[in-house]
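Trainee: Predicted model follows, preceded by the sequence.
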Amino acid sequence: MMTAFDILFIGSGQGAWNAALPLSMSGKKVAIIERDKILGVCTNYGCNPKIILDGPIKLMEDAELLETAGLQSEFKLDWGKLMEHKNKILGELPKTMEANLKKAGIEIIRGEARFTDEHTVEVAGTSYTAETIVIATGQRPAELNIPGEELLITSNEFLYLPELPEDIVLIGAGYVAMELASIASRAGSRVHIVQVSDRVLNGFHQPYARQLTEKMKQDGIQFHFNEKVTAVQQAGSGLELQTESGLKLQAGLIVNATGRIPNVEPLQLEAAGVMYNKRGIEVNEYLQTSTSHIYATGDILDKKQPRLTPTAVFEAKYLAGKLLGKVNEPIQYPPIATIAFTAPRIAQVGITVEEAEAHGDQYKVQPMELGKQWDFAGRGEANAHLTLIHDTDNKLVGATAYSQEALEIINSLTPFITLGLTAEDAAKIVYAFPSFETMIPRYFQS
Ligand SMILES: Cc1cc2nc3c(=O)[nH]c(=O)nc-3n(C[C@H](O)[C@H](O)[C@H](O)COP(=O)(O)OP(=O)(O)OC[C@H]3O[C@@H](n4cnc5c(N)ncnc54)[C@H](O)[C@@H]3O)c2cc1C
Ligand SMILES: NC(=O)c1ccc[n+]([C@@H]2O[C@H](COP(=O)([O-])OP(=O)(O)OC[C@H]3O[C@@H](n4cnc5c(N)ncnc54)[C@H](O)[C@@H]3O)[C@@H](O)[C@H]2O)c1
């Protein structure tokens, strides 16, 4: 049997449903194929579970900072209850959203998709054809290809752990390892990070990343830099990790957080003539693959933009506009704000300090000690920092923050950077006080 659609999405994450919904509501016959949980990684194995688990962690960190102001912060976290709380909230979300998608006329097809030709996709023996197909299959955790690989867990399992072990090792020092280390450490585990290089949070402002490392060390997290993991094996009731240099670490759990790779293999892209490489699916500036009626969005793309939810949502919305004939221009990405939800957080948007320093004739770098401002000092955040980047017209073009409040700081500066607002624009806005935002007009003074 063959079912025909106008637009068929493979994957149901942010890169898919944010396009599927407006397309279906505009009268297109739309289907979504999903092999795992509806709504993809962000909702089920990424942003959402992570930020709920981080809720009490952020509160504990804020409270500890206020010990200098007389607060006695003797918190005790019940990990099991926190997990139950998170599961209760997020367990309902995919069900509600699936009902909403169906109500909007979208057909949900369960199973793994593979192309049989450039207009046909097969799922569990049934073929589906479509005029337009969108590949939004995202990424999955990379493998280390070492003996004992099967003993490792990934962020997928960490985010559903019913209990935390006394000792936990995280391999890698990117977003996933650094965020999960912050959570596990405050929640009571002894945490080790084993990193192949001497850098953490690649892509973020490295002086802030180094400051964060020192802070995490003070909190008891042990870093092992320039270590290549060679094997993992069972050791008594736990596990033992070995590295090339001879380091041995024992722990209840070892998390592989060494990056993510594109979900391309089961798709049989060759059958549809879709070009890809080890970084993902190749698209042009209209998100069109090498087969013109097949598009791709989200983390699966081979792209230079950060593989984050706001990027996937932006692409999905662009594609919906394009497929509805409302947009004819190539996709133009705005600056994409990024944040590592560590303790404290590091966030950035726009031109980075490193880019600005490399083009000193075009940009001015302005480091600021936020911790010396009365409001940050009042919250005990003496170590908070902000670096602003201005262009030669004194417009704000980039910012990076190191603070418990980095999310709010960077989000409040993002409109100035994205829309190219000036000092005059800033002076026209009246914010509630006291707040970080009331300081923004001053950030235009040279
Ligand atoms: C631990 C973690 C924390 C994160 N935290 C943040 C954060 O705080 N902020 C942020 O912006 N981003 C965060 N991200 C990144 C964010 O989750 C991704 O950028 C986002 O999910 C990408 O959406 P997507 O639709 O492209 O892909 P995905 O969400 O990965 O969805 C792809 C879907 O396709 C399905 N699929 C794959 N192959 C097939 C097939 N052959 N047939 C059928 N279905 C298939 C998969 O099962 C999956 O559900 C985090 C990621 C992780 C892993
Ligand atoms: N807050 C957020 O927005 C957020 C949070 C989590 C994940 N994410 C997304 O998920 C992606 C994947 O995150 P990630 O942390 O898995 O990847 P990553 O690329 O950010 O970091 C991988 C880390 O593993 C290290 N590494 C690589 N090979 C290694 C090896 N053999 N041994 C030891 N260390 C090794 C790298 O040096 C790096 O530090 C991110 O790039 C981002 O797109 C975003």
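Mentor: Good, I have the coordinates. Ligands and ions are numbered 1, 2, ... in the order given.

Trainee: and Tyr160, how many neighbours?
Mentor: Tyr160 has 14 neighbours, counted by other CB atoms under 10 Å. Glycine gets a C-beta too; all of them are placed from N, C-alpha and C.

Trainee: typo on my end, it should be Gly236
Mentor: Residues near Gly236, counting by other CB under 10 Å, number 7.

Trainee: next one: Leu77
Mentor: When counting by other CB under 10 Å, one arrives at 17 neighbours for Leu77.

Trainee: Identify the residues contacting stretch 370-377?
Mentor: For stretch 370-377, contacts defined as CB atoms under 8 Å, 6 or more residues apart in numbering pick out 381-386, 401, 403, 405, 409, 434, 436, 439.

Trainee: Likewise for stretch 262-277?
Mentor: With CB under 8 Å, 6+ apart as the test, stretch 262-277 has contacts from 10-11, 112-118, 133, 135, 137-140, 278-282, 289-291, 294, 296, 299-300, 302.

Trainee: Which positions within that stretch qualify as buried?
Mentor: Buried positions in stretch 262-277, judged by neighbour count with 16 or more other CB atoms under 10 Å: 262-264, 267-269, 272, 274, 276.

Trainee: so which of these would you say is closest to ligand 2?
Mentor: Pro262 (11.6 Å; CB to the nearest ligand atom).

Trainee: which residue sits closest to that closest one, ignoring its sequence neighbours?
Mentor: The spatially closest residue to Pro262, leaving aside those adjacent along the chain, is Gly280, at 4.1 Å (CB to CB, 6 or more residues apart in numbering).

Trainee: Can you give me every residue that contacts that neighbour?
Mentor: Listed by CB under 8 Å, 6+ apart, the contact partners of Gly280 are 139, 262, 264, 296, 299-303.

Trainee: ok, which of those residues also contact ligand 1?
Mentor: 139, 299-300 (CB under 6 Å from any ligand atom).

Trainee: related to what we said a few turns ago, quick one: which of the buried residues of stretch 262-277 sit in strands?
Mentor: Using DSSP state E, the members of the buried residues of stretch 262-277 that fall in strands are 262, 276.

Trainee: Which single one of the buried residues of stretch 262-277 is nearest to Asp391?
Mentor: Asp391 lies nearest to Pro262 out of the buried residues of stretch 262-277, by CB to CB, at 35.0 Å.

Trainee: Phi and psi next, for the residue nearest to Glu227 when sequence neighbours are not counted.
Mentor: Leaving out its chain neighbours, the residue that sits closest to Glu227 by CB to CB, 6+ apart is Thr243, at 4.2 Å. The phi/psi pair for Thr243 (degrees, to the nearest 10) reads phi -120, psi 170.

Trainee: Same check on Gly46?
Mentor: phi -140, psi -120.

Trainee: touching ligand 2 at all, the strand or helix carrying Leu407?
Mentor: Assigned by DSSP states H and E, Leu407 belongs to helix 406-418. No. Helix 406-418 is not in contact with ligand 2 by CB under 6 Å from any ligand atom; minimum separation 9.9 Å.

Trainee: got a list of what the residue in the stretch 101-250 of the chain that ligand 2 sits nearest to touches?
Mentor: Among all residues of the stretch 101-250 of the chain, Gly174 sits closest to ligand 2, at 1.9 Å; criterion: CB to the nearest ligand atom. Going by CB under 8 Å, 6+ apart, Gly174 touches 200-202, 257-259.

Trainee: now, which of the residues you listed sits nearest ligand 1?
Mentor: Out of these, the member with the shortest distance to ligand 1 (by CB to the nearest ligand atom) is Ala257, at 8.3 Å.

Trainee: Double-check that closest one against Val176; I have them as touching.
Mentor: Yes. Applying CB atoms under 8 Å, one finds Ala257 in contact with Val176, separated by 4.0 Å.

Trainee: Next, show the common contact partners of the two.
Mentor: Common neighbours of Ala257 and Val176 (CB under 8 Å, 6+ apart) are 155, 170.

Trainee: Give me the more crowded residue out of those two.
Mentor: Between Ala257 and Val176, Ala257 has the larger neighbour count (other CB under 10 Å), namely 27 against 23.

Trainee: re the thing from before, beta partners of the residue nearest to Glu227?
Mentor: Beta-bridge pairing for Thr243 (DSSP bridges): Val229.

Trainee: Could you tell me how many residues sit around it?
Mentor: 18.

Trainee: Tell me the residues of the stretch 251-400 of the chain that contact ligand 1?
Mentor: Residues of the stretch 251-400 of the chain lying near ligand 1 (CB under 6 Å from any ligand atom): 263, 266-267, 298-300, 307-310, 312.

Trainee: Show me which pair in those residues is furthest apart.
Mentor: Pairwise distances across those (CB to CB) peak at 27.3 Å, for the pair Pro266 and Pro310.

Trainee: Okay, and which of the contacts of stretch 262-277 map to helices?
Mentor: If you go by DSSP state H, those have nothing in helices.

Trainee: Please pick the buried ones from the residues you listed.
Mentor: Those of the contacts of stretch 262-277 that meet the buried threshold are 10-11, 112-115, 118, 133, 135, 137-140, 280-282, 289, 291, 294, 296, 299-300, by 16+ other CB under 10 Å.

Trainee: From those residues, which land in strands?
Mentor: Using DSSP E, 10, 113-115, 133, 135, 139-140, 280-281, 294, 296 are the members of the buried ones among the contacts of stretch 262-277 that sit in strands.

Trainee: so Met60, which of the three states?
Mentor: helix (DSSP: H, G, I helix; E, B strand; the rest coil).

Trainee: That one reaches Phe75, doesn't it?
Mentor: Yes. Counting by CB under 8 Å, Met60 touches Phe75, with 5.0 Å between them.

Trainee: Out of those two, name the residue with the larger neighbour count.
Mentor: Counted by other CB under 10 Å, Met60 and Phe75 do not tie: Met60 has more neighbours, with 17 against 11.
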